[in-house]
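1. Here is a sequence together with a model predicted from it:
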Amino acid sequence: MTVEIRKANIHDIPALASLMEQLGYPTTIESMNLRFRHIELNPDYHTFVASINGEVVGMIGLIKSFYYQLDGVYVRIVALVVDSRYRNEGIGKSLVEQAENWAKSLGAIGMSVNSGNRPERVNAHRFYKNMGYVDKSTGFAKSL
């Protein structure tokens, strides 16, 4: 099985919508189209997809940010998902490694990711720890 990691494009929108569903965020193609077009216009965002024989089977969404407390920039993983049919085959690892390489190319000095404290996220937390990420904070959110 050969996995290709490449920059996402508008032709990937249906697959991205499907992957968002698997991540637990019901998403229509129309909604993903609008979201992706906004994301694609912002140079601080970047989206990679993983494909096998032309089929998108995973994605990682990234944003470059500036530290307040340090000099330099970091990259935050804002979305990472691999199609349930292809999990535990190294695709997520390849996506994160590509993201880290992109971050380094920007001169970033760190990476971050938030992952919900829900039972279904236990495997994701283990994955991040195995990739060298450490628990550092508790996140808070508020709907407006």
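-> Structure received. Numbering: from 1, shown residues only.

2. Relative to Phe140, how far out is the most centrally placed residue in the chain?
-> Nearest to the mean C-alpha position of the chain, by Cα atoms, centre = their mean, lies Ile60 at 2.6 Å. Using Cβ to Cβ, to the nearest Å, Ile60 is found at 24 Å from Phe140. Where C-beta positions appear, they are placed from N, C-alpha and C, glycine not excepted.

3. One more: Phe66?
-> Taken as Cβ to Cβ, the spacing of Phe66 relative to Phe140 amounts to 21 Å.

4. Neighbour count: the two, which is higher?
-> Between Phe66 and Phe140, Phe66 has the larger neighbour count (other Cβ atoms under 10 Å), namely 10 against 5.

5. wait, doesn't that one sit right on Val73?
-> Yes. With contact defined as Cβ atoms under 8 Å, Phe66 counts as touching Val73 (5.5 Å).
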